[in-house]
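Undergrad: no sequence on this one, just coordinates:
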């Protein structure tokens with residue numbers, strides 16, 4: 001059994017947290033490799049609901065090590081709040097959570113500048129969470145960011161933050177540079193002091209884990225179509241959300257990543273602005289949102305909903321190379337008499353070979369639909385494939401055949417046990433051994 005990368009294959013919000021929680025039983029270490037606290041992974045265990053933003057979902061399994069990799073940007077105030085919330089729910093964090101000393105910090109300035117930028121874009125706003133993620137990544141690549149290693153020395157941290165502020169003042173000019181409230185800096189430095197003991201050279205830690213045959217699960221945030229290179233740019237996140245980003249974002253060799261597993265919904269959703277070819281604007285879209293509880297775990301924003309876009313999924317497979325797929329929320333489709341699946345795009349009357357690079361073109365494409373009958377019966381809570389209605393099984397078979405990738409597991413509800421392993425799912429069984437469902 002190898003290591004594994006588990007990531008979103010659509011526009012995020014696919015339900016990755018539940019599967020990471022399930023799979024962690026078969027792994028020793030869980031690593032988040034990109035993104036920030038704009039991500040939200042919801043895990044339900046019994047009557048308890050956990051919403052995680054920065055900390056890997058593996059923290060909910062006792063004894064598992066969890067790593068916040070160098071590919072993330074970390075808001076110290078948000079991370080401390082998340083740690084305190086988990087402790088309040090009885091989850092032990094100390095000696096299990098490690099922050100890469102090479103991860104970049106989100107400073108109070110970053111939230112201010114992002115709000116100004118989004119406001120200035122007016123009708124062309126990206127639809128960000130206004131949490132400073134993009135500006136923090138921008139400063140990382142502008143080579144003026146402050147990294148988590150500075151948390152070990154308060155004097156050094158304050159010096160680097162002061163140098164950063166001076167540089168921004170020179171670049172932007174006093175009249176252009178936004179002011180950050182003093183109270184935010186006070187809270188920032190207080191949070192930094194609490195995180196000092198969590199900082200480590202996590203690449204060295206992971207090297208030791210690999211050398212001693214401890215299995216590593218690499219957990220992505222957001223989704224493939226929000227990747228800064230391969231997504232619907234500029235309506236994307238600011239990091240590498242595809243599988244290849246796991247090696248750079250965790251500090252491990254690419255050949256040690258192991259299996260690549262994509263998570264997808266049985267339909268499609270998106271949060272924020274940007275093209276969405278299969279979006280439904282009428283009653284059907286509203287019913288999908290209602291039945292699926294489609295509201296952001298981090299922001300509460302209603303998600304845009306539409307039919308499953310398999311043409312987009314084929315593109316996601318191309319850039320990730322999935323060994324297996326995990327489908328969530330099959331039960332949300334229980335009520336629909338007819339289900340549509342997008343199997344191609346036409347642009348100006350001509351079929352396209354792939355998802356276009358240009359968002360202007362992507363906003364104009366017309367989906368090519370494959371129409372299937374709905375099953376109109378309950379699948380919620382089922383955990384055996386043979387119990388599914390024949391039309392639901394046909395829906396899953398069609399997805400597998402179109403993409404040429406096995407469906408390893410299917411979720412029919414939020415609980416751990418509301419999950420089934422698909423017959424013949426050799427890749428996922430080989431990778432996981434015997435998952436704890």
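TA: Great, that's in hand. No experiment lies behind these values; they were computed from the predicted model shown.
Undergrad: use CA for all of it now, contacts and neighbours both
TA: Noted.
Undergrad: Look up how far residue 152 lies from residue 209.
TA: 24 Å (CA to CA, to the nearest Å).
Undergrad: Just want to know which of these two has more residues nearby.
TA: residue 152 (18 against 15; other CA atoms under 10 Å).
Undergrad: Look at the spatially closest residue to that one that is not a sequence neighbour and tell me its secondary structure.
TA: With sequence-adjacent residues excluded and distances taken as CA to CA, 6 or more residues apart in numbering, residue 152 is closest to residue 196, at 5.2 Å. Of the three states, residue 196 takes helix under DSSP: H, G, I helix; E, B strand; the rest coil.
Undergrad: Does residue 196 touch residue 157 like I think?
TA: No: if you go by CA atoms under 8 Å, residue 196 and residue 157 don't touch, sitting 10.9 Å apart.
Undergrad: which residues do the two both contact?
TA: Overlap of the contact sets of residue 196 and residue 157 (by CA atoms under 8 Å, 6 or more residues apart in numbering) consists of residue 151.
Undergrad: and these two? which has more neighbours close in?
TA: Higher neighbour count among residue 196 and residue 157: residue 157, with 20 against 17, using other CA under 10 Å.
Undergrad: Output the below-cut-off pLDDT ranges for the stretch 101-250 of the chain.
TA: The stretch 101-250 of the chain contains residues with pLDDT under 70 at 122, 174-176.
Undergrad: What ranges does it have for its helices?
TA: Counting by DSSP state H, counting those that start in this stretch, one finds helices in the stretch 101-250 of the chain at the ranges 108-121, 133-141, 154-172, 182-195, 202-211, 245-250.
Undergrad: Report the separation between the residue nearest to the spatial centre of the chain and residue 215.
TA: Central residue of the chain (CA atoms, centre = their mean): residue 221, 2.0 Å from the mean position. Computed as CA to CA, the residue 221 to residue 215 distance reads 20 Å.
Undergrad: Check what pLDDT residue 295 gets.
TA: Looking at residue 295, its pLDDT stands at 86.
Undergrad: Now residue 267: closest residue in space, sequence neighbours ignored.
TA: Once chain neighbours are set aside, the closest to residue 267 by CA to CA, 6+ apart is residue 308, at 4.0 Å.
Undergrad: Next, the buried residues of the longest strand along the chain.
TA: Assignment by DSSP state E gives strand 338-347 as the longest strand of the chain. Using 16 or more other CA atoms under 10 Å as the burial criterion, the residues of strand 338-347 that qualify are 339-345.
Undergrad: Check stretch 143-160 too.
TA: In stretch 143-160, counting by 16+ other CA under 10 Å, buried: 144-152, 157, 160.
Undergrad: would CSV of those residues with distance to residue 38 be doable?
TA: Listed next are the buried residues of stretch 143-160 as CSV, based on distance: CA to CA, whole Å:
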residue, distance to residue 38
144, 22
145, 19
146, 19
147, 19
148, 18
149, 22
150, 23
151, 22
152, 25
157, 24
160, 25
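Undergrad: Show me the two of those residues that sit farthest apart.
TA: 144 and 152 (18.7 Å; CA to CA).
Undergrad: which of the helices of the stretch 101-250 of the chain sits most buried?
TA: A comparison of those by mean neighbour count, using mean count of other CA atoms under 10 Å, puts helix 245-250 on top with a mean of 22.
Undergrad: which element follows that helix toward the C-terminus?
TA: Sequence-wise, the next helix or strand downstream of helix 245-250 (DSSP states H and E) is strand 259-265.
Undergrad: What pairs with the helix or strand just after that next one, parallel or antiparallel?
TA: Using DSSP H and E, the helix or strand that follows strand 259-265 in sequence is strand 268-270. In the sheet, strand 268-270 lines up against strand 304-306 (antiparallel) (DSSP bridges).
Undergrad: What's the first helix or strand after the strand it pairs with?
TA: strand 308-309.
Undergrad: elements contacting the following helix or strand past that next one?
TA: Downstream of strand 308-309, the next assigned helix or strand under DSSP H and E is helix 310-320. If contacts are counted by 3 or more CA pairs under 8 Å, 6 or more residues apart in numbering; DSSP states H and E, helix 310-320 sits against strand 338-347, helix 390-403.
Undergrad: Just checking: what are the partner strands of the helix or strand just after helix 310-320?
TA: Per DSSP H and E, the first helix or strand lying C-terminal to helix 310-320 is strand 324-328. Using DSSP bridges, the strands paired with strand 324-328 are strand 259-265 (parallel), strand 406-411 (parallel).
Undergrad: got the contact list for strand 324-328?
TA: Looking at strand 324-328 with CA under 8 Å, 6+ apart, the contacting residues turn out to be 14-15, 260-266, 405-413, 427-428.
Undergrad: same question, stretch 300-312
TA: Outside stretch 300-312, the residues touching it (CA under 8 Å, 6+ apart) are 10, 265-272, 278-280, 285-286, 288-289, 294-296, 339-345, 354-355, 399, 402-403.
Undergrad: likewise stretch 208-219?
TA: In contact with stretch 208-219 (CA under 8 Å, 6+ apart) are residues 2-7, 20, 24, 26-33, 56, 246, 257.
Undergrad: mind listing which of the residues you listed are in helices?
TA: 20, 246 (DSSP state H).
Undergrad: Name only those of the contacts of stretch 208-219 that count as buried.
TA: Buried members of those, counted by 16+ other CA under 10 Å: 2-7, 20, 24, 26-33, 56, 246, 257.
Undergrad: beta partners of residue 49?
TA: Going by DSSP bridges, residue 49 forms beta bridges with residue 44.
Undergrad: measure it to residue 62 for me?
TA: 16 Å.
Undergrad: Not counting residues beside it along the chain, what's closest to residue 128?
TA: The nearest residue in space to residue 128 (CA to CA, 6+ apart) is residue 272, at 6.8 Å.
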